[in-house]
Structures are given as structure tokens and as C-alpha cells.
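Participant: how would this look folded up:
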Amino acid sequence: MKIRSTTDQDLDVFLGTLHAAFGRFPETPAEDGSGVWWSATELNRSLLAVAADGRPVGTASAYSFELTLPGQVITPVSGVSNVGVLPTHRRQGVLTAMMRHQLAELRARGEVLSVLLASEALIYGRFGYGPATYTGRLTVPRHQAALAAPRAGGADTGSVEVLRRAECGEILEEVYDRYRRTRPGALSRPHRWWTLGAGQPPIAPAPRYIAVHRDADGVPDGYASYSLDGDTLTVDETIAVDDAVSTALARFALEHDLITRVVFKHFPSEHPLRWQLADFNAAQVGNSTDWLWVRLLDVPRALTSRGWFSDGELVLDVDDPFLGEHGRYLLAVRDGKAECVPTDREPDLSLDVRDLGAVYLGGTTPSTLVRAGHIRAHRPDAAALADALFRAERPPHCLHWF
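Facilitator: Next up, the predicted model:
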């Protein structure tokens, strides 16, 4: 078996192999090739695993994104996706070979981080990825949807307008881009994704209504993409530049007529809506799951790339069993900046690179992984110091599907 890069001429073979791996048939794109989830695939960043007899048996690719790190630092990342192996060739080392080849390519490009959405949580930890953001779903019965008056005062001075998805593509793109630059864990949505309708609503051209929020000057600063199915209103995603806009869009959905419940998908755990409801127990939280997984490709560069919100020093003993690497680093943080250099000092924490990926964006506390038995703390206060150092200005959240 060999792993090779693909070209534009490999599109049909790549898609045929990918879909066969998942037992599906490709959708029919529009004449210009748009309107399907795979239309933004970057064939110059894709791989085919080819058996000895010349048959393609596996696929993997990477998308070119930007990721917002704590401190509103924007960095390029590779979004690993389209990973599949034919059922006839599973458990024969094909996936491992592709992942090893891909990581080598990403490092050769000078990248420091790789991210993915894990179809199965058991698969990607062994390749060094750790769950770094989480998402859930909030369901609110319409008859219990009343919002309490804010005790601290304040009122939204903007307005909400209902548009069809096809009428406001530029607004969605612009508002999302403003939002993702301020939210740790958020990924960019390149212009070609919007143009091609690649992904899930509201990027995809599926029929949706869009509640667009505008500020007092008429500038769009938020939106909610939604659809009605029977008596249920489902919000695909809510994008807002601040909490007041988010509240206004939630109020719009909750006050919609002729429905019995509202479902908010991709709901961040720290969202204030449950506290804003007159009946705190009206909201039902469910479908809590991992979302964005992170892998560090260069530990020192990754740790010095993000912003920091506490001062301190930690010695991290990092093991990377998949790549057969091991390093011990002194992480020293002062005034929001970090230095990370090799050291011979005794470690404060010993951890796997997957655990470092999980805590990197601030969405998982190191002390949680210490308690879980994954990170070893070598002194009593090491976990608490690591919690303080690795926190973000707000919990990371990722909405983008790829």
C-alpha cells in the first residue's frame, strides 16, 4: 500500500472512495459543482491510500482554516476531514498510515495545530487529538418561554428583520467573520465555502429563514438561522457580536407563533439564556457532546501563539506516542505572553499530547484530567496553577462543521 497526494483529476476517484467508505452515494451538485457538502474539498491537500493492486482504499484531506485562540489571536490551522477506509480494508493499518503521512505533511508546511471533528471519539485520541470544545442543544417549551426582566437594567436598541437565506448571503458571511474573530475556538468560514454552499445550514443552500439583527444604526450584528418542522422551531445557529444581540435573537425565536417548542442547536454551555428565562427549569439541556478536537504539531510554537491571562511557570513533560516523541518544556507566562523552551528541570505535570490538545483552548481544565487519571501532577499546587494559566477569556466554542 502507498499513500499519495491527489490532483484535480482524482476528484471522482476520491469522492467515490470516500462515499463507499461510509456506505453512501454522492449527491448531485449544481452545474457549477456547488451545493453539496464536499464541494469545498481541497484536492491539493488530500490523500489517497492505494492498495498493492492499484485500487484506492482510503481517503483523507485537510481544509485551510483560521482558528481563534485565547486572547483573540488568529492562527492558520488544518481542518482534517473526509477520512474514510473501505470496509474491506479496515483494521489493516490504512488509517494509521494516512494519519502519519498527513501529520508529516502538515509539519512540513510549518503548521503548529491541526483540528478535526471526530465521528467516533475512540478513533482520534491515539493520533494525538484531544477534545477541546463542546456543544449541546437547548429545548424550551413555548408555554414556558417567558423571559424575566433583567434586574440590572438595559435594553436592546436594535431591530430584527426576517429574510430568506438566498437574500442575505453577504450579511451572513460578514457577521460570522466578525463573530469568529472574537470567540476562542471559532473557525473561519472561507469565502469559497459560502459561494459553493458547502457544509450545513446556513452555509448550505437549504431553505432557511434568517432573523437578522441590526444595531441602532442599521448595521447587521447578528443572525439566527431557523426552520419550522410541524410545531417545532429549530435554530441551526445563532451568531451575535454581544450578549444583548444574542438575547434579542433568542427572544424572537421564543415568541414565534404557532409552535410548541424551540430547539437551539450548537448551544454553548455558558450561554445566559437559562438564567434569563422566568422559569429556570423550563429549558432542557441535551445532546452535550465534543466538537472541535485539537492536536499540537509543535508544542513550543503552539504554546507561545495563544494569549494568556495569568502569570506563572510550569514544567510540562509531554509524551507523543504516535509520533514517538517526548519533550520537557518550561512554560513561563508574563503579562499575557509566553515563552516555552526545553528544560531539564523536574516536571510539574506529565501528560500526553492529546491531553495538551484538550486543555489548549481553555475548554477543559487540567485539573479535570488530573482527577481523571490522565495527567500526572508532581506537586500539590500544579493542577491549580495549570487551571489558572490555561483558562481563556471565555469558554471556547466552535460552530463550524467540516
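
Participant: Could you export the longest helix belonging to the chain as PDB, CA atoms only?
Facilitator: Longest helix in the chain, counting residues (DSSP state H): helix 94-108. Provided in PDB are the C-alpha atoms of helix 94-108 (Å, rounded to 0.1, in the frame of the first residue of the first chain):
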ATOM      1  CA  VAL A  94      -4.600   2.000   6.400                       C
ATOM      2  CA  LEU A  95      -5.900   4.800   8.700                       C
ATOM      3  CA  THR A  96      -2.800   4.800  10.800                       C
ATOM      4  CA  ALA A  97      -0.600   5.200   7.600                       C
ATOM      5  CA  MET A  98      -2.700   8.100   6.300                       C
ATOM      6  CA  MET A  99      -2.700   9.900   9.600                       C
ATOM      7  CA  ARG A 100       1.100   9.500   9.900                       C
ATOM      8  CA  HIS A 101       1.600  10.700   6.400                       C
ATOM      9  CA  GLN A 102      -0.800  13.700   6.900                       C
ATOM     10  CA  LEU A 103       0.900  14.800  10.100                       C
ATOM     11  CA  ALA A 104       4.300  14.800   8.400                       C
ATOM     12  CA  GLU A 105       2.900  16.900   5.500                       C
ATOM     13  CA  LEU A 106       1.300  19.400   7.900                       C
ATOM     14  CA  ARG A 107       4.600  19.800   9.800                       C
ATOM     15  CA  ALA A 108       6.400  20.300   6.500                       C
END
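
Participant: Quick check: mean pLDDT of that helix?
Facilitator: Regarding helix 94-108, the rounded mean pLDDT is 98.

Participant: hmm, who's touching it?
Facilitator: Residues from elsewhere that reach helix 94-108 (CB atoms under 8 Å, 6 or more residues apart in numbering): 1, 3, 47, 49, 57-60, 62, 78, 80, 83, 85, 114, 123, 127-128, 295, 297-298, 322-323. Bear in mind the C-beta positions are built from the backbone N, C-alpha and C, glycine included.

Participant: Which of those residues fall within strands?
Facilitator: 3, 47, 49, 57-60, 62, 78, 80, 83, 85, 114, 295 (DSSP state E).

Participant: top of the residues you listed by neighbour count?
Facilitator: Each of these was scored for neighbours by other CB atoms under 10 Å, and R295 scores highest at 30 neighbours.

Participant: From P347, how far out is the residue lying closest to T234 once chain neighbours are set aside?
Facilitator: Spatial nearest neighbour of T234, excluding adjacent residues (CB to CB, 6 or more residues apart in numbering): V263 at 4.6 Å. Separation of V263 from P347 (CB to CB, to the nearest Å): 46 Å.

Participant: that older thread, could you dump the ones in strands among the contacts of helix 94-108 into CSV and include pLDDT and distance to L258?
Facilitator: Shown next, in CSV, are the ones in strands among the contacts of helix 94-108 (pLDDT from 0 to 100; distance: CB to CB, whole Å):
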residue, pLDDT, distance to L258
I3, 98, 54
L47, 98, 49
A49, 98, 51
V57, 98, 51
G58, 98, 48
T59, 98, 45
A60, 98, 46
A62, 98, 44
S78, 98, 45
V80, 98, 42
V83, 98, 42
V85, 98, 47
S114, 98, 46
R295, 98, 46
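
Participant: Just the helices from the protein, written as ranges.
Facilitator: 11-21, 94-108, 121-124, 169-180, 191-196, 243-254, 273-276, 299-305, 353-359, 366-371, 382-390.

Participant: Among those helices, which comes closest to V162?
Facilitator: Closest approach to V162 among the helices of the chain (CB to CB): helix 243-254, 8.5 Å.

Participant: helices and strands around that closest one, which ones?
Facilitator: Applying 3 or more CB pairs under 8 Å, 6 or more residues apart in numbering; DSSP states H and E, we find helix 243-254 packed against strand 159-164, strand 209-214, strand 220-229, strand 232-240, strand 261-267, helix 273-276.

Participant: Identify all contacting residues around that helix.
Facilitator: Contacts for helix 243-254 (CB under 8 Å, 6+ apart): 140, 142, 145, 147, 154, 156, 158, 160, 211, 213, 215, 221-224, 226, 233, 235, 238, 240, 262, 264, 271-273, 276.

Participant: okay, the angle between that helix and strand 261-267?
Facilitator: On the basis of axes from the mean of the first three to the mean of the last three CA atoms, to 10 degrees, helix 243-254 is oriented at 140 degrees to strand 261-267.

Participant: in stretch 71-80, what counts as buried?
Facilitator: T75, V77, S78, G79, V80 (16 or more other CB atoms under 10 Å).

Participant: So, low pLDDT: which residues of the stretch 251-400 of the chain?
Facilitator: For the stretch 251-400 of the chain, no stretch has pLDDT under 70.
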